[in-house]
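Visitor: Sequence plus predicted model, see below.
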Amino acid sequence: MPLDFTPIVDSWRFLAGGLMLTLALSGLTIVLSLPLGAAIGLARCYGPKWVSWPLVFYIDSMRSIPVLVVLVWTYFALPIAIGVTLPPFWAATLALTAHISAYVAEIVRAGITSVRPGQSRAAFALGMSRMQAIRDIILPQALVRMLPAFGSVFSITIKDTAIAAVIAVPEFMNRSQTVAGQSFHPVEVFTVAMIIYFLILFPVTRVVDMIYTRYAYLGRS
């Protein structure tokens, strides 16, 4: 069967608009998820017991429920519960942020607990407070160790934005489906979509790996 990419060329502005929305959705989700997940991870490691239990429940719940279910519930059920209807874009942002933050929290916790306890004891012996030891000794080492996992989180976040198509967010995958349906050329459209996702995600993972390789020595203790 001969391939015809004319519908893609004719609709490139329409598809480019969807791609920009995909990048905006994924970027906003990452910007919100990193500090929220870091705060949850730190609270789980250093917070009181009564804070740890609900955080563990939240993390385990988000990791046990498919992101599609979280997205659909946020868009259709949450407005009924709170009485406020969220636009599709913001419903997708909220759902993805809630989901990704749980994984970020676990990455932060794993990074912190991977630092040997002797590092903290040495800091206390030097007269550092607990906050100083966390800020100046533990977190710098843990952050380097977290980099490979963060690279995976960035990739997962960008890929998960495609699920927002089910609630009519006009992102790249949603618009690709529209073009494929109108042109009757799904092979060409979805092949190009797959290549574009690859061209976005591959450099992200490679750059994170390069940064980690360069600064990996800082995480050794």
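Guide: Alright, I've got the coordinates.
Visitor: Kindly list the longest helix within the protein.
Guide: For the chain, the helix that runs over the most residues, judged by DSSP state H, is helix 12-46.
Visitor: What strand or helix carries the nearest residue to G47 once chain neighbours are set aside?
Guide: Once flanking residues are discounted, G47 sits nearest to L55: 7.6 Å by CB to CB, 6 or more residues apart in numbering. C-beta: built from backbone N, CA, C; applies to glycine. For L55, the host element (DSSP states H and E) is helix 49-64.
Visitor: Let's verify M128: helix, strand, or coil?
Guide: Counting by DSSP: H, G, I helix; E, B strand; the rest coil, the backbone at M128 sits in coil.
Visitor: From T161, how far off is it?
Guide: Distance of M128 to T161, given as CB to CB, to the nearest Å: 42 Å.
Visitor: List the buried residues in the longest helix of the chain.
Guide: 15, 18-19, 21-22, 25-26, 28-30, 32-34, 36-45 (16 or more other CB atoms under 10 Å).
Visitor: Who has more neighbours out of M128 and T161?
Guide: T161 (25 against 16; other CB atoms under 10 Å).
Visitor: Now do stretch 154-170: distance from first to last residue.
Guide: Length of stretch 154-170, first residue to last, CA to CA, to the nearest Å: 21 Å.
Visitor: repeat for stretch 180-189
Guide: 6 Å.
Visitor: For the protein, give me the ranges with low pLDDT.
Guide: 1, 219, 221 (pLDDT under 70).
Visitor: ok, 80 please
Guide: Where the chain drops to pLDDT under 80, the residues are 1-4, 215-221.
Visitor: From I80, how far off is F89?
Guide: For F89, the distance to I80 equals 19 Å [CB to CB].
Visitor: Between the two, point out the one with more neighbours.
Guide: Taking other CB under 10 Å, F89 and I80 do not tie; F89 has more neighbours (18 against 9).
Visitor: How about that one, nearest residue that isn't a chain neighbour?
Guide: V169 (5.6 Å).
Visitor: Using the three-state scheme, assign the one you found.
Guide: Following three-state DSSP, V169 is assigned to coil.
Visitor: Run a quick neighbour tally on it.
Guide: There are 26 residues near V169, going by other CB under 10 Å.
Visitor: Test my guess that it contacts P88.
Guide: Yes: using CB atoms under 8 Å, V169 is in contact with P88, at 4.6 Å.
Visitor: Compute the distance between the residue most central in space within the chain and R44, please.
Guide: By CA atoms, centre = their mean, the chain has its centre lying nearest to T157, at 3.6 Å. Per CB to CB, T157 is found 21 Å from R44.
Visitor: hmm, back to that, give me the contacts around the helix or strand just after the helix holding L55.
Guide: Going down the chain from helix 49-64, the next helix or strand is helix 67-72, by DSSP H and E. With contacts defined as CB atoms under 8 Å, 6 or more residues apart in numbering, helix 67-72 is touched by 62, 91-92, 95-96, 98-99, 160, 163-164, 166-167.
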